[in-house]
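[1] When you get a sec, could you give me coordinates for this:
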Amino acid sequence: MPEVVVTGGLGFIGSTIVEAYLAEGTEVRIIDSGVSSVVDSLFDDDPRVTVVRAPVEEYLANGDGFQGAERVIHCAARLGPAGILEHAGTLGRDLVVSTSAVIEASLRAKAKLCVFSSAEVYGHSGVLAEDADIRVPANYNARIEYAVGKTLTEVMALNSRYRGLDVLVIRPFNVAGARQSGSGGHVLPTFIRQALAGEPITVFASGTQLRSFCSPTDLAEFVVHHMDAAIGAGVGVVNIGSTSNEIDMMGLAHRVRELAGSTSEVALVDSQSIHGPRYFEAESFRKMPDLTLATELGWKPRVGLDNLILDAIEYARSRQSRDVRHA
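    The predicted structure is shown next:
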């Protein structure tokens with residue numbers, strides 16, 4: 001049976017993609033360094049899954065490859081607006097080195113490749129279409145290094161089509177839900193942790209920043225069922241997100257508070273007082289995907305905002321219960 005390789009397959013998005021492929025009866029090889037893992041032993045008892053715990057570039061440098069794989073889904077990367085701060089100066093290099101190795105191995109194996117980029121690459125606000133200009137702000141903080149690194153991996157991947165690579169680049173917009181870690185500064189799990197603990201829910205800047213949240217299951221559905229059609233249609237880059245789940249950050253804090261049944265106060269705070277002076281807000285005040293390409297391929301997001309939040313709350317509560325039982 002053809003195999004799928006998922007780099008970062010123990011992470012928030014990667015593990016959801018693995019589950020979606022398993023539901024289709026596909027065998028999966030996970031390559032994961034553990035840097036952004038949120039699950040460890042989830043797939044250990046499934047004979048259809050092989051788990052390799054190593055950075056993908058190290059795995060490939062040791063002579064291993066993607067032979068036998070029909071598709072490679074490259075999700076592995078450092079994540080989170082706060083989680084990337086300590087890696088400033090090496091973020092760009094790490095993104096380029098790992099993606100370059102994955103591109104070469106995919107070419108050798110004649111495997112189709114899906115590279116995960118980021119909506120951060122746009123560098124500006126609005127309803128953002130794939131053919132919109134990419135801007136590089138002059139403030140070279142860690143976010144900008146991450147965005148520029150992701151942009152370069154896109155260029156490398158798409159230019160490799162001239163070398164025979166079947167490849168698609170996905171730009172995810174604010175994917176959130178169960179399993180997402182708050183350790184990197186992601187907003188939804190942070191709000192949920194604070195709400196469940198009865199702590200102040202800390203909203204940065206003005207709280208009027210607009211984001212539209214997408215479920216990882218909706219993203220995984222596109223990867224599993226629409227990737228081949230996108231490549232076949234000659235699509236290079238595609239946005240994946242939701243246009244119906246838009247909310248400002250103050251509104252999100254209050255919605256989490258309500259759905260969690262919390263009595264936490266909602267407080268505006270200075271983000272740098274939490275994460276330090278190297279932390280900066282995203283350049284995009286409003287980050288909304290234009291989904292024309294994705295919907296033309298037959299895909300549409302299905303999970304509404306409340307269900308997305310409730311799934312994440314349920315997961316956080318189950319983690320709390322497990323931690324108490326093992327204390």
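[2] Please identify the longest helix in the protein, counting by residues.
    helix 305-325 (DSSP state H).
[3] What residues of that one count as buried?
    By neighbour count on 16 or more other Cβ atoms under 10 Å, the buried set for helix 305-325 is 305, 308-313, 315-316. For every residue, glycine as well, the C-beta is placed using N, CA and C.
[4] Can you tell me which of the residues you listed is nearest V56?
    The closest of the buried residues of helix 305-325 to V56 turns out to be Y315 (Cβ to Cβ; 26.7 Å).
[5] what about S206, is that helix, strand or coil?
    coil (DSSP: H, G, I helix; E, B strand; the rest coil).
[6] Hmm, L268 and it touching each other?
    Yes - using Cβ atoms under 8 Å, S206 makes contact with L268 at a distance of 7.4 Å.
[7] the helices in the stretch 1-150 of the chain, which residues?
    12-23, 56-61, 91-109, 142-159 (DSSP state H, counting those that start in this stretch).
[8] Would you mind writing the CA trace of the shortest one as CSV?
    When you say that, I think you mean helix 56-61. Below are the C-alpha coordinates for helix 56-61, written out as CSV (Å, rounded to 0.1, in the frame of the first residue of the first chain):
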residue,chain,number,x,y,z
VAL,A,56,13.8,15.4,9.2
GLU,A,57,17.1,16.8,7.9
GLU,A,58,19.0,14.5,10.2
TYR,A,59,16.9,11.5,9.2
LEU,A,60,17.6,12.2,5.5
ALA,A,61,21.3,12.9,6.1
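[9] packing partners for that helix?
    If you count contacts as 3 or more Cβ pairs under 8 Å, 6 or more residues apart in numbering; DSSP states H and E, helix 56-61 packs onto helix 91-109.
[10] ok, residues contacting the helix it packs on?
    Helix 91-109 is contacted by residues 7, 55-57, 60-61, 65-69, 72, 74, 76-78, 84, 87, 112-113, 115, 142, 145-146, 148-150, 152-153, 156-157, 160, 163-165, 167 when judged by Cβ atoms under 8 Å, 6 or more residues apart in numbering.
[11] what's the span of stretch 128-142, first residue to last?
    22 Å (Cα to Cα, to the nearest Å).
[12] what's the answer for stretch 59-68, then?
    First-to-last residue span, stretch 59-68, Cα to Cα: 16 Å.
[13] With stretch 159-173 instead?
    Stretch 159-173: ends 23 Å apart by Cα to Cα.
[14] chain center to that stretch: distance?
    Its chain's C-alpha centre and that of stretch 159-173 lie 17 Å apart, by Cα atoms, centre = their mean, to the nearest Å.
[15] Which parts of this protein are strands?
    3-7, 27-32, 49-53, 69-74, 112-116, 126-128, 167-172, 201-204, 210-212, 237-240, 246-248, 266-269, 286-289 (DSSP state E).
[16] Show me what the last one is packed up against.
    If contacts are counted by 3+ Cβ pairs under 8 Å, 6+ apart, strand 286-289 sits against strand 126-128, strand 210-212.
[17] Find the residue ranges of this protein scoring beneath the pLDDT cut-off.
    Along the chain, the model assigns pLDDT under 70 to residues 1, 321-327.
[18] Return the set of buried residues in stretch 44-53.
    Applying 16+ other Cβ under 10 Å to stretch 44-53 flags 49, 51-52 as buried.
[19] Please identify which of these is nearest to L196.
    V51 (30.4 Å).
[20] picking up where we left off before, would you turn the helices and strands packed on strand 286-289 into a markdown table with mean neighbour count and distance to I247?
    Converted to a markdown table, these look like this (neighbours: other Cβ atoms under 10 Å; distance: least, Cβ to Cβ, whole Å):
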| stretch | mean neighbour count | distance to I247 |
| --- | --- | --- |
| strand 126-128 | 16 | 15 |
| strand 210-212 | 20 | 7 |
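[21] so which of those strands comes closest to D40?
    strand 210-212 (29.3 Å).
[22] list the helices and strands the closest one packs on?
    Counting by 3+ Cβ pairs under 8 Å, 6+ apart, strand 210-212 packs on strand 246-248, strand 286-289.
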